[in-house]
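S.K.: The sequence isn't on hand, but the structure is:
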């Protein structure tokens, strides 16, 4: 059976998807920082304002992406075969399923995002290996119970077995209630060996720059909240952190010869934990 036969079909919920390209969108701004092509004048204008106060934004975006790759690779190599990626963003190859299925072709992945721009690109996330499966659900992390219901309804993931939950560069876009959301999501991952992967904007390394980008995003209608190391560590309460624990994203198990990115450039913390 070919890979195309394993893929799911994502159909927009209405006749049209309103991308509101006249307003800046976090997914498209992030795409711009990654040198992507799915962004519009409003997004590039907002990105320019962000860069004026936080010039390391492109390096930070690359560091987040590379952290996701390394964390996914490490978990797949450890035997994890199920992944739930929330806050997927605009597909940028290699995507999470390409990393996971490159190691374990049977891996099963569910992507979730609330951004309409991601929905229009979702088919790029569905090219599974013949042995595995990928799918996409339109859901909002701010309603974690509804999101989990949508994920369960796909039948792709078996919640009695370990699942790796990825929340990369997402929770800083949830100014209030982020820890409660994380606990709701964690409570659904009952199998020992389940994993939690998070990266998050922090003021630890460049407090003035971080305050600047918080204001820039707030001004463009997309509030951001950077969190301290202590606040970030709270997301992993009750789970066992993998080495090297909480650190800047480029310092989490860096690959030999990788592009050097300083803590200030990254300005994000990253960590991976497992349910013991």
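M.R.: Noted; the coordinates are in hand. In this text, all values refer to a predicted model and were calculated from it rather than measured experimentally. Numbering: from 1, shown residues only.

S.K.: Next, residue 272: phi, psi?
M.R.: When quoted as degrees, to the nearest 10, the phi and psi of residue 272 stand at phi -130, psi 130.

S.K.: Quick check: it vs residue 35, distance?
M.R.: As for residue 272, its distance to residue 35 is 27 Å (criterion: Cβ to Cβ, to the nearest Å). In short, each C-beta sits where N, CA and C put it, glycine included.

S.K.: These two: who's more crowded?
M.R.: The residue with more neighbours, out of residue 272 and residue 35, is residue 272; 28 against 11, by other Cβ atoms under 10 Å.

S.K.: OK, contacts around the more buried one?
M.R.: The contact partners of residue 272, taken as Cβ atoms under 8 Å, 6 or more residues apart in numbering, are 71, 74-75, 195-197, 241-242, 252.

S.K.: Quick check on the residues you listed: which are buried?
M.R.: Buried members of the contacts of residue 272, counted by 16 or more other Cβ atoms under 10 Å: 71, 74-75, 195-197, 242, 252.

S.K.: Which ones among these map onto helices?
M.R.: When DSSP state H is applied, the buried ones among the contacts of residue 272 are split such that 71, 74-75 fall in helices.

S.K.: So which residue is smack in the middle of this protein?
M.R.: By Cα atoms, centre = their mean, the chain has its centre lying nearest to residue 168, at 3.2 Å.

S.K.: Could I get the phi/psi values of residue 201?
M.R.: With angles defined as degrees, to the nearest 10, residue 201 sits at phi -60, psi 140.

S.K.: what's residue 180 sitting at in phi/psi?
M.R.: In terms of degrees, to the nearest 10, the main-chain angles of residue 180 are phi -70, psi -40.

S.K.: Check what pLDDT it gets.
M.R.: Residue 180 carries a pLDDT value of 98.

S.K.: What about it, how many residues nearby?
M.R.: Residues near residue 180, counting by other Cβ under 10 Å, number 11.

S.K.: how close does it get to residue 187?
M.R.: Look at residue 180 and residue 187: by Cβ to Cβ, they are 11 Å apart.

S.K.: before we move on, what about residue 254?
M.R.: The gap separating residue 254 from residue 187 is 32 Å, by Cβ to Cβ.

S.K.: And the two? Which one has more around it.
M.R.: Neighbour totals were compared for residue 254 and residue 187, and residue 254 leads with 17 against 11 (other Cβ under 10 Å).

S.K.: Next, the contact list for the closest residue in space to the more buried one that isn't next to it in sequence, please.
M.R.: With Cβ to Cβ, 6 or more residues apart in numbering as the criterion, residue 254 has its nearest non-adjacent residue at 7.7 Å, and that residue is residue 70. By Cβ under 8 Å, 6+ apart, the residues touching residue 70 are 252-255.

S.K.: tell me which residues in the host helix or strand of residue 99 are buried?
M.R.: Under the criterion of DSSP states H and E, residue 99 resides in helix 96-103. Buried positions in helix 96-103, judged by neighbour count with 16+ other Cβ under 10 Å: 96-101, 103.

S.K.: Widest-spaced pair of the contacts of residue 70?
M.R.: Within the contacts of residue 70, two members stand farthest from each other by Cβ to Cβ: 252 and 255, at 10.6 Å.

S.K.: Could you report the pLDDT at the nearest residue to residue 40 once chain neighbours are set aside?
M.R.: What sits nearest to residue 40 in space, not counting adjacent residues and going by Cβ to Cβ, 6+ apart, is residue 21, at 4.4 Å. We have a pLDDT of 83 for residue 21.

S.K.: Reduced to three states, what does residue 21 come out as?
M.R.: coil (DSSP: H, G, I helix; E, B strand; the rest coil).
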